[in-house]
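Q: okay, structure incoming, though there's no sequence with it:
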């Protein structure tokens, strides 16, 4: 039990398929595969899908996926338990159980109602990705257009940032515009995360972080989770190669500091083929990374860095 992964979209898959369960399924993540891969804790995102938003309010989507999460946690309580802080992870581990953190991908679910944050917190949400690929009440998404990419947080976005800091929720800047990133870096009272992002210097995709962003994130004590999606690893790629994941991990550790690197696989949100196949393939990736990092450094990337920011922020 040595891995903490900051992002997956597994819950939405379970929500869409009532016959699919968390313990065993054909996706990238199941409890069986997590055990095989060596999972300590997984952040499960409630992704506010634009497909579902055609017929449902974002809050309704959250509620529906949240009910699935609750059901799966109860059904599998002998294997995995919800966690709300670092102490919960340690307690669960001591009893041989994995931990689940609940997150939300796309702050559109807040819907310009600041009180929603307290409600989400009470339901167990400990991380919110401020935007997805569309503008919302909080701010603007990353963009290929340089002018749009420089747009920062909206006034409500600053309120959300303050309230998340106060409550003890991780602020996630993956998908956020570069202007929004720098607003979070400047005004957040606590470290922040880019839960599933890669290095723009190696793959010029708007979702990836520049070397300067990586340096700022590291200086602020933040954490970036390396994304395994092929298109963020290599331009035009449709195959997620382990050597590319390793290259991004090495580069980002050089720019942000090894203390600011973790994993944010984006499992079950990736449509391309992966060399490591699924969560059970993590040991293959760690073996490849061991050629570039010491055991102590690898421990930091696998779990220690994530545990540190969980302790700092939650």
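A: That came through fine. These numbers come from a predicted model, not from an experiment. Residues are numbered from 1 along each chain as shown.
Q: could you check how far residue 163 is from residue 120?
A: 10 Å (C-beta to C-beta, to the nearest Å). Where you see a C-beta, it was placed from the backbone N, CA and C, and this is true even at glycine.
Q: try residue 59
A: 10 Å.
Q: mind listing the shared neighbours of these two?
A: Common neighbours of residue 59 and residue 120, counting by C-beta atoms under 8 Å, 6 or more residues apart in numbering, are residue 109.
Q: and these two? Which one has more around it.
A: Taking neighbours as other C-beta atoms under 10 Å, residue 59 and residue 120 compare with residue 120 leading, 24 against 17.
Q: wait, that one sits on residue 103?
A: No. Look at residue 120 against residue 103 with C-beta atoms under 8 Å: they stay out of range, at 9.7 Å.
Q: what residues are shared contacts of these two?
A: Contact criterion C-beta under 8 Å, 6+ apart; residues shared by residue 120 and residue 103: residue 128.
Q: per-residue pLDDT of residue 1, please?
A: Per-residue confidence (pLDDT) for residue 1: 81.
Q: and it, how many neighbours does it have?
A: Residues near residue 1, counting by other C-beta under 10 Å: 17.
Q: now it. Nearest residue, chain neighbours left out?
A: Distance criterion C-beta to C-beta, 6 or more residues apart in numbering; nearest residue to residue 1, sequence neighbours excluded, is residue 40 at 4.4 Å.
Q: need the three-state assignment for that neighbour.
A: Classification of residue 40 by DSSP: H, G, I helix; E, B strand; the rest coil places it in strand.
Q: give me every residue that touches it.
A: Contact partners of residue 40, counting by C-beta under 8 Å, 6+ apart, are 1-4, 89, 93, 98-99, 303.
Q: if we go to 6 Å?
A: Contacts for residue 40 were tallied using C-beta atoms under 6 Å, 6 or more residues apart in numbering; they are 1-4, 303.
Q: where does the prediction get shaky in the stretch 1-150 of the chain?
A: Counting by pLDDT under 70, not a single residue of the stretch 1-150 of the chain qualifies.
Q: so what's residue 215 up against?
A: Counted by C-beta under 6 Å, 6+ apart, residue 215 has contacts residue 255.
Q: next one: it from residue 251, what distance?
A: Taken as C-beta to C-beta, the span from residue 215 to residue 251 is 12 Å.
Q: now do the shared contacts for these two.
A: Counting by C-beta under 6 Å, 6+ apart, nothing touches both residue 215 and residue 251.
Q: tally of neighbours for residue 165?
A: 16.
Q: excluding its backbone neighbours, what's nearest it?
A: residue 189 (4.6 Å).
Q: three-state assignment of that neighbour?
A: Per three-state DSSP, residue 189 ends up coil.
Q: do the same with residue 81
A: Residue 81 - assigned by three-state DSSP - is strand.
Q: okay, and the beta partners of it?
A: residue 99 (DSSP bridges).
Q: I'd guessed it sits against residue 90; true?
A: No. The pair residue 81 / residue 90 is not scored as a contact, 11.9 Å apart, by C-beta atoms under 6 Å.
Q: now for the helix or strand harbouring residue 126, which elements pack on it?
A: Applying DSSP states H and E as the criterion places residue 126 in strand 125-129. Packing partners of strand 125-129 (3 or more C-beta pairs under 6 Å, 6 or more residues apart in numbering; DSSP states H and E): strand 98-105, strand 170-172.
Q: so residue 14 sits right up against residue 68, yeah?
A: Yes. Residue 14 is within contact range of residue 68, at 5.1 Å (criterion: C-beta under 6 Å).
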